[in-house]
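need a structure here:
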Amino acid sequence: MPGQQLLPRGGRVLIVRLSALGDVLFALETVAALHHERPDVAIDFLVEDRFASLLQDHPQIERVLVYPRKRRLAIVPSLLALRRTRYDVVIDLHGILKSALHVLFARARTKLGADAPAAREGSQRAYHRAVAMPTPLPHRADIGHLLLRELGLSGQPRAPVLATLAPPADLFAGLPQPIVMLHPGTSAFAAFKRWPVEHFATLAQRLTARGLGVVVGFGPGEADLAAPILAAAPGARGLDGSKLGLRGLAGAMQHAAVVVAADTGPLHIAAATGARCVALFGPKEPGRYGPRAHNGITHELLYHDVPCRPCKRRDCVTPQCVLGIPVEAVEAAVLRQLAARGRA
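Got it, this is the predicted structure:
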């Protein structure tokens with residue numbers, strides 16, 4: 001069926017990506033690409049409640065549908081809400097059982113998603129079109145672009161758009177320029193991907209000694225990670241992201257020349273805002289999960305090469321792939337990124 005018939009003029013599309021933060025940001029590339037080629041199409045986005053604020057007031061999204069993950073039997077009202085709208089196309093960018101249940105309940109003429117192995121837990125059975133993916137699997141953001149080709153679109157990557165909030169006017173007042181933001185935390189689930197706090201502390205000392213402005217970002221429950229870094233570099237300033245929210249954190253990151261972070265959501269927020277990133281990557285495959293580069297901005301991905309990386313483990317007693325990254329290498333990467341920014 002030609003793409004024009006799948007997605008008629010003035011049609012409506014639902015994009016499903018419930019979590020995690022980095023993947024929701026990758027999905028915004030799909031939103032941007034679809035909006036660029038088909039500005040006549042209304043786009044809705046289904047996401048978990050913990051990330052919904054990032055999509056509020058988004059200029060390319062008409063409605064944000066929220067799956068309230070933490071409420072008992074929350075999936076029932078979430079599923080029923082999908083019956084209220086008739087969609088021309090539903091695109092599942094998540095590809096797990098939970099997202100597939102929402103796809104099944106959605107009223108749509110065409111339901112698209114990736115085929116296995118990109119789709120997991122049998123989710124491909126919920127789609128009218130389960131699209132085969134290349135081997136090895138592409139970057140998670142590129143899966144959305146490949147699905148757009150099924151609609152007759154080019155599938156060319158586009159820089160994501162973020163609806164940010166301006167940080168408080170005094171947040172960076174008095175700090176030397178340019179600003180390097182360090183983000184030592186990850187989710188508790190991904191704590192094994194953290195670079196040691198003492199390494200961050202040494203890095204902060206070295207950067208402030210060079211006359212750079214250093215900001216140490218931290219989220220809920222991460223103040224203890226930031227404290228020794230701030231103590232080691234008295235000229236550095238703390239940034240409590242839990243008080244700013246996701247959009248406020250994105251707005252603050254727009255003021256950073258370089259962001260240093262592990263493979264975690266804030267890293268991908270930074271990349272989406274246009275900051276240059278030094279990613280301390282560890283176990284994951286950068287080709288699938290690395291920060292995205294747009295508008296001529298490139299990032300540096302560092303890891304300590306050991307025989308067992310990349311791997312798919314969800315825990316590790318001694319993750320040398322990240323623990324072994326030397327401070328000197330990270331400092332050198334920051335300086336290279338600052339030099340590249342100066343030439344841009």
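
can you pull the contacts of residue 182?
Residues in contact with residue 182 (Cβ atoms under 8 Å, 6 or more residues apart in numbering) are 200, 203, 204, 214, 215, 216, 217, 229, 236, 259, 260, 261. Glycine gets a C-beta too; all of them are placed from N, C-alpha and C.

Those residues: which two are farthest apart?
Greatest spacing in the contacts of residue 182, by Cβ to Cβ: 236 and 261 (15.2 Å).

And those two? Which one has more around it.
residue 261 (27 against 24; other Cβ atoms under 10 Å).

My guess is the more buried one contacts residue 282. True?
No - counting by Cβ atoms under 8 Å, residue 261 does not reach residue 282; the two are 11.7 Å apart.

Give me the common contacts of the two.
By Cβ under 8 Å, 6+ apart, no residue touches both residue 261 and residue 282.

got the buried residues for stretch 150-163?
Buried residues in stretch 150-163, defined by neighbour count with 16 or more other Cβ atoms under 10 Å: 150, 151, 152, 153, 155, 157, 158, 159, 160, 161, 162, 163.

Could you export the residues you listed as a markdown table, including secondary structure, distance to residue 86 and pLDDT?
Output for those, formatted as a markdown table (DSSP: H, G, I helix; E, B strand; the rest coil; distance: Cβ to Cβ, whole Å; pLDDT from 0 to 100):
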| residue | secondary structure | distance to residue 86 | pLDDT |
| --- | --- | --- | --- |
| 150 | coil | 20 | 95 |
| 151 | coil | 17 | 96 |
| 152 | coil | 21 | 95 |
| 153 | coil | 21 | 96 |
| 155 | coil | 25 | 93 |
| 157 | coil | 29 | 94 |
| 158 | coil | 27 | 95 |
| 159 | coil | 31 | 96 |
| 160 | coil | 27 | 97 |
| 161 | coil | 26 | 96 |
| 162 | coil | 29 | 94 |
| 163 | coil | 27 | 93 |
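
and of those, the nearest to residue 309?
Closest to residue 309, out of all of the buried residues of stretch 150-163 and judged by Cβ to Cβ, is residue 157, at 26.2 Å.

Who are the contact partners of the closest one?
Here residue 157 is in contact with 29, 33, 141, 142, 145, 292, 294 (Cβ under 8 Å, 6+ apart).

Let's see that with 10 Å instead.
29, 30, 32, 33, 139, 141, 142, 144, 145, 292, 293, 294 (Cβ atoms under 10 Å, 6 or more residues apart in numbering).

buried subset of those?
Using 16+ other Cβ under 10 Å, the buried members of the contacts of residue 157 are 29, 30, 32, 33, 139, 141, 142, 144, 145, 292, 294.

surely the fourth one meets residue 153?
In other words, residue 33. Yes - under the criterion of Cβ atoms under 10 Å, residue 33 lies in contact with residue 153, with a separation of 7.2 Å.

what residues are shared contacts of these two?
Joint contacts of residue 33 and residue 153 (Cβ under 10 Å, 6+ apart) are residue 145.

Take the buried residues of stretch 150-163 and lay them out in CSV including distance to residue 122.
What follows is the buried residues of stretch 150-163, written out as CSV (distance: Cβ to Cβ, whole Å):
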residue, distance to residue 122
150, 20
151, 24
152, 28
153, 27
155, 26
157, 29
158, 31
159, 34
160, 29
161, 33
162, 33
163, 35
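
how about the strands in this protein?
12-16, 42-48, 63-67, 86-92, 107-114, 129-131, 179-183, 213-218, 237-240, 258-262, 276-280, 300-302 (DSSP state E).

Can you name every helix or strand that the second one contacts?
Contacts defined by 3 or more Cβ pairs under 10 Å, 6 or more residues apart in numbering; DSSP states H and E place strand 42-48 against strand 12-16, helix 21-37, helix 49-52, strand 63-67, helix 75-81, strand 86-92, helix 97-105.

Would you mind measuring from residue 141 to residue 59?
According to Cβ to Cβ, to the nearest Å, residue 141 and residue 59 sit 19 Å apart.
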